[in-house]
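S.K.: Quick one, structure for this:
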Amino acid sequence: TLGKYPALSLLAARQQTLVYREMLARGQNPHEQRQLQVRAQLAASYSLRDGFAALINHKRRRGCSEKYLHRCQRDLVPAILDKFGDRALESISTAEIKAALLALDSAGRSLAARRNRQLLSEIYSLAILDDKASYNPIQPLAQLLPAKPSTNHPRITNPQRFGELLRAIDRYAGRWQVALMLRLLPLVFVRQQELRLMRWEEIDWERALWLIPAGRMKMRRPHLVPLARQSLEILHAAQSESSGEGLVFKGTRPGQPLGPNTIRTALLTLGFSPSEMTGHGFRGSASTLLHELGFEPRYIEAQLAHAESGVKAAYNHALYLAQRREMMQFWADYLDQLKGSKT
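M.R.: Below is the predicted model of the structure:
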């Protein structure tokens with residue numbers, strides 16, 4: 001259709017018809033050309049700031065946590081947003097973005113530069129799907145800022161020194177919540193946030209299991225942690241000190257967990273610096289020592305909740321549960337042996 005009468009006069013309709021016939025004679029599709037024109041008009045007014053807001057909403061609909069979304073909003077640095085925020089996506093060139101990212105990198109902000117390159121590429125990819133952009137100027141910059149080699153978190157892998165750490169933990173004289181969380185962490189070797197936010201309703205006492213919900217896991221799928229006899233004893237001790245509802249390890253403020261630096265501070269108090277051992281380091285210690293003890297790598301990786309390809313890994317959070325039960329009890333008994341060995 002050309003339009004509606006009387007908004008579109010007969011004269012204007014005849015003139016538009018002639019234009020469309022000329023396009024057809026040149027082998028052009030008038031309808032497709034009109035769509036391209038509309039998309040171009042939309043793209044001309046669609047700014048980087050609009051694209052960033054759309055990306056955040058897209059991630060929110062996909063179930064990303066508010067903490068992650070806040071980090072994304074914080075990561076798009078003012079140097080990028082202030083410079084390009086109000087400009088149409090289609091008007092920003094690869095050369096301009098390259099110069100801005102290299103300036104960040106030269107200023108010692110390599111991580112920020114790589115993170116902004118990733119966010120900008122996501123903005124353009126989504127805009128292309130929404131017909132708000134026709135190309136992604138970030139694609140040629142994929143190799144512009146290669147990631148630096150990752151470094152492992154400090155961890156203790158010497159059995160004798162690890163035994164000294166375990167004995168020091170047993171002597172910790174701080175608040176009971178911190179003392180018990182410190183004792184439980186080496187036994188379950190989960191991420192610190194997963195343990196800090198542990199709730200009583202997640203514990204299956206009858207089956208000796210702790211079910212960590214997907215929303216608290218890095219890989220966004222639920223994770224089962226078999227609880228050895230020693231782990232259950234620690235949790236029973238925590239239960240006797242608390243109401244047995246809500247958070248297992250409550251902080252000083254009502255309804256709030258222990259702080260994110262609790263383990264780090266406690267380890268410092270015990271004489272273990274961050275260069276030797278961290279809270280995350282318990283995962284590395286367990287991985288190294290369990291491998292040395294001869295356990296199957298796939299059982300260890302499953303217990304660490306590391307990414308594994310395939311549908312089976314994505315949906316079966318009880319993967320190798322029987323084998324992991326046996327491994328976790330062996331590990332707890334082994335830690336008791338290390339604590340008892342002073343030579």
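S.K.: Can you pull the phi/psi pair for Leu247?
M.R.: The phi and psi values for Leu247, taken as degrees, to the nearest 10, are phi -70, psi 140.
S.K.: Could you find the closest non-adjacent residue to it?
M.R.: Nearest residue to Leu247 in three dimensions, chain neighbours excluded: Pro257, at 5.4 Å (CB to CB, 6 or more residues apart in numbering). In this view, the C-beta of every residue, glycine as well, is placed from N, C-alpha and C.
S.K.: same check, this time on Ser275
M.R.: Per CB to CB, 6+ apart, closest to Ser275 is Pro154, 5.7 Å.
S.K.: For the one you found, give me its contacts.
M.R.: Contact analysis of Pro154 by CB atoms under 8 Å, 6 or more residues apart in numbering lists Pro274, Ser275, Glu276, Met277, Thr278, Gly281.
S.K.: cool, Gly279 as well?
M.R.: By CB under 8 Å, 6+ apart, the residues touching Gly279 are Leu185, Gln192, Ile263, Arg264, Leu267.
S.K.: From Pro213, how far out is it?
M.R.: 21 Å (CB to CB, to the nearest Å).
S.K.: Repeat that for Gly85.
M.R.: In terms of CB to CB, Gly85 sits 37 Å off from Pro213.
S.K.: next one: Leu101
M.R.: Counting by CB to CB - Leu101 and Pro213 are separated by 37 Å.
S.K.: neighbour-wise, which of those two wins?
M.R.: Taking other CB atoms under 10 Å, Leu101 and Pro213 do not tie; Leu101 has more neighbours (24 against 14).
S.K.: check contacts around the more buried one.
M.R.: Ala113, Asn116, Arg117, Leu141, Leu144, Leu145.
S.K.: State the helix or strand in which it lies.
M.R.: helix 94-106 (DSSP states H and E).
S.K.: mean confidence score for that helix?
M.R.: In this model, helix 94-106 carries a mean pLDDT of 92.
S.K.: do stretch 10-24 as well
M.R.: Taken as a whole, stretch 10-24 has a mean pLDDT of 87.
S.K.: Sort out which residues of stretch 50-68 are buried, please.
M.R.: The neighbour-count check on stretch 50-68 (16 or more other CB atoms under 10 Å) flags Asp50, Gly51, Phe52, Ala54, Leu55, Ile56, Lys59 as buried.
S.K.: ok, and what's touching it?
M.R.: Residues from elsewhere that reach stretch 50-68 (CB under 8 Å, 6+ apart): 69, 72-73, 76, 81, 85, 89, 119, 122-124, 126-127, 130, 132-133, 215, 220.
S.K.: Can you tell me how far Glu301 is from Gln143?
M.R.: 30 Å.
S.K.: Which one of the two is surrounded by more residues?
M.R.: With neighbours defined as other CB under 10 Å, Glu301 and Gln143 compare such that Glu301 has more, 16 against 6.
S.K.: Residues in contact with the host helix or strand of the more buried one: which ones?
M.R.: Glu301 is part of helix 297-303 when elements are defined by DSSP H and E. If you take CB under 8 Å, 6+ apart as the criterion, helix 297-303 is touched by 189, 225, 286-287, 290-291, 308, 319-320, 323-324, 327-328.
S.K.: Would you mind confirming that Ala305 is in contact with Arg220?
M.R.: No. Using CB atoms under 8 Å, Ala305 makes no contact with Arg220, being 10.6 Å away.
S.K.: Tell me which of the two has more neighbours.
M.R.: Neighbour tally, Ala305 and Arg220, criterion other CB under 10 Å: the higher count belongs to Ala305, 21 against 13.
S.K.: hang on, the more buried one is in a strand, isn't it?
M.R.: No. The assignment for Ala305 (DSSP: H, G, I helix; E, B strand; the rest coil) gives coil, which keeps it out of a strand.
S.K.: List the contacts of it.
M.R.: Neighbouring residues of Ala305 by CB under 8 Å, 6+ apart: Val190, Met217, Lys218, Met219, His223.
S.K.: Quick check: chain neighbours aside, which residue is closest to the second one?
M.R.: Think Met217. Closest to Met217 by CB to CB, 6+ apart is His223, at 5.3 Å.
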